[in-house]
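J.: With the sequence up front, the predicted model follows.
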Amino acid sequence: MTGSIFVYTRQHLMALSNPVVLPGDRPVIPQELRRRRRGGRSGTKRRDKRKRHKPAVPAIIMGNVRSLGNKMDELAALVKTQREYRECSIFCFTETWLHSHIHANSVGLPGYSLVRGDRDCSSSRKKKGGGIALFVSERWCNPGHINLKERLCSPDIELLAVGMRPYYLPREFTSTIVIAVYIPPSADAVVACDVISSAAAKLQTEQEIFPATGHQRV
């Protein structure tokens, strides 16, 4: 109608507006409009979280500890309280100052396999100091798949090589070798580099001839 005037009360206007949902109320959604959940949660972050102890590339924490025996309580506390330590695959420590009179139980870490490379006093011509230790997480690698590849000790270098077959590796690799090295301050750097190069080349050749499967590579 032309020229007609419509008057609405407050109740009429409130009825025309969208319903207001208070913080404590839950909106009523018809059953046919409710979203159905299908399958499970997925995504890269979700998969990485499930396999946080089986990474393709191992997480390694290294340090020059200068006596490992008096730091085991601190290390055990860090593993329990810090995520970076708890999910670490390998701990690599130099200058452990360990020797044959220190039993492995006194420097053991629950959930980790210990591989020691104590300093040989006769070979290094030094009475104390030095030493290398590797702690390998048992959630990352089975203790039965850890083997010592090489152990060297001289006045110029201390070297510890350990072969491992973790639970998960990329398809292109059958095993991995970790080489830990300690070079004393008074060492000849050129001689130490030559030793590292020779040891790495030797281990690589052995790995190509005798891979983890025990058959020669063709």
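T.: It's in.
J.: ok, now which ones touch the nearest residue to Leu68 once chain neighbours are set aside?
T.: Nearest residue to Leu68 in three dimensions, chain neighbours excluded: Thr96, at 4.0 Å (Cβ to Cβ, 6 or more residues apart in numbering). Where C-beta positions appear, they are placed from N, C-alpha and C, glycine not excepted. Residues near Thr96 by Cβ atoms under 8 Å, 6 or more residues apart in numbering: Val65, Ser67, Leu68, Val107, Arg116, Asp118, Gly130, Gly131, Ile132, Ala133.
J.: Restricted to strands, list these.
T.: Applying DSSP state E to the contacts of Thr96, the entries found in strands are Arg116, Ile132, Ala133.
J.: For the residue nearest to the second one when sequence neighbours are not counted, give me its contacts.
T.: Ranked by Cβ to Cβ, 6+ apart and with sequence neighbours excluded, the top spatial neighbour of Ile132 is Gly117, at 4.0 Å. Neighbour list for Gly117: Gly131, Ile132, Ala133, Arg151, Cys153, Glu158, Leu159, Leu160, Ala180 [criterion: Cβ under 8 Å, 6+ apart].
J.: run the last query once more with 6 Å
T.: Shown in contact with Gly117 (Cβ atoms under 6 Å, 6 or more residues apart in numbering): Ile132, Arg151, Leu160.
J.: Can you classify the second one by secondary structure?
T.: Under the three-state scheme (DSSP: H, G, I helix; E, B strand; the rest coil), Arg151 adopts strand.
J.: longest helix anywhere in the protein?
T.: If you go by DSSP state H, the chain has its longest helix at helix 189-209.
J.: which parts of it are buried?
T.: The neighbour-count check on helix 189-209 (16 or more other Cβ atoms under 10 Å) flags Ala192, Val195, Ile196, Ala199, Leu203, Gln207 as buried.
J.: same check, this time on stretch 85-98
T.: Here stretch 85-98 shows Tyr85, Cys88, Ser89, Ile90, Phe91, Cys92, Phe93, Thr94, Glu95, Thr96, Trp97, Leu98 as buried, counting by 16+ other Cβ under 10 Å.
J.: Which of the residues you listed sits closest to Tyr112?
T.: Using Cβ to Cβ, Phe91 comes nearest to Tyr112 of the buried residues of stretch 85-98, at 7.1 Å.
J.: related to what we said a few turns ago, quick one: pLDDT of the residue nearest to Ile132?
T.: Per-residue pLDDT puts Gly117 at 95.
J.: What helix or strand is Ile102 located in?
T.: Using DSSP states H and E, Ile102 maps to neither a helix nor a strand.
J.: hmm, back to that, for the longest helix of the chain, the averaged confidence score.
T.: Mean predicted confidence for helix 189-209 is 90.
J.: That helix: how far from the chain's middle?
T.: Taking Cα atoms, centre = their mean, to the nearest Å, the mean C-alpha location of helix 189-209 is offset from the chain mean by 25 Å.
J.: export it as PDB, just CAs?
T.: The C-alpha trace of helix 189-209 is given here as PDB (Å, rounded to 0.1, in the frame of the first residue of the first chain):
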ATOM      1  CA  ALA A 189      95.800 -31.400  14.100                       C
ATOM      2  CA  VAL A 190      97.100 -32.600  10.700                       C
ATOM      3  CA  VAL A 191      97.800 -36.100  12.100                       C
ATOM      4  CA  ALA A 192      94.400 -36.200  13.800                       C
ATOM      5  CA  CYS A 193      92.600 -35.300  10.500                       C
ATOM      6  CA  ASP A 194      94.500 -38.000   8.700                       C
ATOM      7  CA  VAL A 195      93.400 -40.600  11.300                       C
ATOM      8  CA  ILE A 196      89.800 -39.500  11.000                       C
ATOM      9  CA  SER A 197      89.900 -39.700   7.200                       C
ATOM     10  CA  SER A 198      91.500 -43.100   7.200                       C
ATOM     11  CA  ALA A 199      89.100 -44.500   9.700                       C
ATOM     12  CA  ALA A 200      86.000 -43.200   7.900                       C
ATOM     13  CA  ALA A 201      87.300 -44.500   4.600                       C
ATOM     14  CA  LYS A 202      87.900 -47.900   6.100                       C
ATOM     15  CA  LEU A 203      84.500 -48.100   7.700                       C
ATOM     16  CA  GLN A 204      82.800 -47.000   4.500                       C
ATOM     17  CA  THR A 205      84.600 -49.700   2.500                       C
ATOM     18  CA  GLU A 206      83.700 -52.400   5.000                       C
ATOM     19  CA  GLN A 207      80.100 -51.300   5.000                       C
ATOM     20  CA  GLU A 208      80.000 -51.600   1.200                       C
ATOM     21  CA  ILE A 209      81.500 -55.000   1.200                       C
END
